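J.: I'd like to go over a predicted model; first the sequence, then the structure.
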Amino acid sequence: MKKLYILLLCGISTHSFGQQLANSDFENWTNHPGNIVYTSYKEVNNWASGNAALDVAPGVKAPTSQTTDAQNGTYAVKLTTQTIFGQLASGNLFTGKFKLNLTDPIKSAQIGTPYSSRPTAFNVYYKYASVKGDSCSMYALLTKYNTSTHKRDTIGLGSFVSSTSVNTYTLLNMPITYTSTEDPDSISMVFSSSADGGNFRGQVGSTLTIDNFSLDGVPSLSTTASLASISAVLYPNPAQSRVVLSNAPSESGTVYFYNVSGSLVRSQKWIGTRTPEFELENMPVGFYTCKFITSDETVFASKLLITE
């Protein structure tokens, strides 16, 4: 049975829970083929847009499209405001999911993805062609679910709105302002060719092109260390009611427990010890990725199996 645990643990993939967002250079895409009636379109992997509305819109071009007019690399994202069924639709790109709701279209976009770091700013190269004074918008919203109010609390926000046309790629560095000392559990990153597109307002033809997005103040996907590389041990593993981290590189920090779907299940802080103990009670049985961030910003991760 021990060998089986080891094999299963090695097979778990790591989720991007507090680092750079996956495919932020916009190089990887998936094609959605059309047919004789409906137009084909492409989607940016690991991101979402309103393009799925084309599945019920004959002959309409995608508001969010792939372009070879890249700042660096092969592809960039082109967002164009247009009309679908007589309704204005801004080109958009966001973290989350899109499921078309014909009864209440505003509810189609489910914005946000699990995320637990506190970036200081976001960066993106962009160009913008404004029509009749229309404005583009780009924002990063970090939130945390409040179990008392059953609503999301804003942790931090960085927002950019501009009606100025920019003909060549320009680097936007937008600071994120925090209104809470809490760590977030979600990030909503949204780009739109018309700032008021969520209310179906804007100007047809306004075009925002973006490439090579990144977050400041968080580790890259390649800088998260393993437990072995820092001589730390997480035991027992498999575990039931509690787990111990021995030889932690710092006497304070936070651990984040993510399930196999990448959702944040629990976070716990430790202070004043290099052998912190973490409670696992009421956590569902299964595999988890544990991400540790110490007070001196050392970041490392490990796999954990919780059993009955």
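T.: Received, thanks.
J.: contacts and neighbour counts: CA atoms only from here.
T.: Noted.
J.: how about residue 96, phi and psi?
T.: phi 140, psi -150 (degrees, to the nearest 10).
J.: Please apply the same query to residue 159.
T.: The phi/psi pair for residue 159 (degrees, to the nearest 10) is phi -140, psi 140.
J.: from what I can see it touches residue 139, true?
T.: Yes - taking contacts as C-alpha atoms under 8 Å, residue 159 lies within contact range of residue 139: 4.2 Å.
J.: Neighbour count for those two, which is higher?
T.: residue 139 (19 against 16; other C-alpha atoms under 10 Å).
J.: On the strand side of things, show who the more buried one bridges to.
T.: residue 159, residue 190 (DSSP bridges).
J.: Thought residue 172 was touching it, still the case?
T.: No - between residue 139 and residue 172 there is no contact under C-alpha under 8 Å: 11.2 Å.
J.: can I have stretch 163-174 written out in PDB, keeping just the CAs?
T.: Output in PDB follows, covering the C-alpha atoms of stretch 163-174 (Å, rounded to 0.1, in the frame of the first residue of the first chain):
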ATOM      1  CA  SER A 163      -9.900  56.400 -23.900                       C
ATOM      2  CA  THR A 164      -6.500  57.300 -25.400                       C
ATOM      3  CA  SER A 165      -5.500  55.500 -28.600                       C
ATOM      4  CA  VAL A 166      -2.100  53.800 -28.400                       C
ATOM      5  CA  ASN A 167      -0.700  52.700 -31.800                       C
ATOM      6  CA  THR A 168       2.400  50.800 -30.700                       C
ATOM      7  CA  TYR A 169       2.800  48.300 -27.900                       C
ATOM      8  CA  THR A 170       3.200  50.100 -24.600                       C
ATOM      9  CA  LEU A 171       4.000  48.500 -21.200                       C
ATOM     10  CA  LEU A 172       1.300  49.100 -18.600                       C
ATOM     11  CA  ASN A 173       2.500  48.700 -15.000                       C
ATOM     12  CA  MET A 174      -0.600  49.000 -12.700                       C
END
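J.: Excluding its own residues, what touches it? List them.
T.: 71, 121-130, 133-136, 158-160 (C-alpha atoms under 8 Å, 6 or more residues apart in numbering).
J.: Going by neighbour count, list what's buried in it.
T.: For stretch 163-174, the neighbour count (16 or more other C-alpha atoms under 10 Å) marks 163, 165, 169, 171, 173-174 as buried.
J.: what mean pLDDT does that stretch have?
T.: Taken as a whole, stretch 163-174 has an average pLDDT of 96.
J.: Just give me how far it sits from the chain centre.
T.: Centroid separation for stretch 163-174 versus its chain: 22 Å, with C-alpha atoms, centre = their mean, to the nearest Å.
J.: Residue 45: how many residues sit nearby?
T.: 15.
J.: nearest residue to it other than its sequence neighbours?
T.: Excluding the flanking residues, the one nearest residue 45 by C-alpha to C-alpha, 6 or more residues apart in numbering is residue 29, at 5.1 Å.
J.: Mind pulling up the pLDDT for the one you found?
T.: pLDDT, residue 29: 95.
J.: That one: neighbour count?
T.: Neighbour tally, residue 29, other C-alpha under 10 Å: 15.
J.: again with the one 3 residues further on
T.: Neighbour count of residue 32, defined by other C-alpha under 10 Å: 13.
J.: mind listing what it touches?
T.: 40-43.
J.: Now, those that are in strands?
T.: 41-43 (DSSP state E).
J.: out of the residues you listed, which is most surrounded?
T.: The most crowded member of these is residue 43, carrying 23 neighbours; neighbours defined as other C-alpha under 10 Å.
J.: about what we covered before: need the buried residues of stretch 163-174 in CSV (columns: secondary structure).
T.: Shown next, in CSV, are those (DSSP: H, G, I helix; E, B strand; the rest coil):
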residue, secondary structure
163, coil
165, coil
169, strand
171, strand
173, strand
174, strand
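J.: Closest to residue 209 out of those?
T.: residue 169 (8.5 Å; C-alpha to C-alpha).
J.: From residue 204, how far out is that closest one?
T.: 22 Å (C-alpha to C-alpha, to the nearest Å).
J.: got it, and residue 127?
T.: 17 Å.
J.: What are the buried residues along stretch 251-270?
T.: In stretch 251-270, counting by 16+ other C-alpha under 10 Å, buried: 251-259, 262-264, 267, 270.
J.: Kindly reformat those as JSON lines and extend each row with pLDDT and distance to residue 111.
T.: Formatted as JSON lines, the buried residues of stretch 251-270 follow (pLDDT from 0 to 100; distance: C-alpha to C-alpha, whole Å):
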{"residue": "251", "pLDDT": "89", "distance to residue 111": "36"}
{"residue": "252", "pLDDT": "89", "distance to residue 111": "32"}
{"residue": "253", "pLDDT": "85", "distance to residue 111": "29"}
{"residue": "254", "pLDDT": "84", "distance to residue 111": "26"}
{"residue": "255", "pLDDT": "87", "distance to residue 111": "25"}
{"residue": "256", "pLDDT": "82", "distance to residue 111": "22"}
{"residue": "257", "pLDDT": "85", "distance to residue 111": "22"}
{"residue": "258", "pLDDT": "80", "distance to residue 111": "19"}
{"residue": "259", "pLDDT": "80", "distance to residue 111": "20"}
{"residue": "262", "pLDDT": "64", "distance to residue 111": "15"}
{"residue": "263", "pLDDT": "67", "distance to residue 111": "14"}
{"residue": "264", "pLDDT": "71", "distance to residue 111": "16"}
{"residue": "267", "pLDDT": "82", "distance to residue 111": "22"}
{"residue": "270", "pLDDT": "91", "distance to residue 111": "31"}
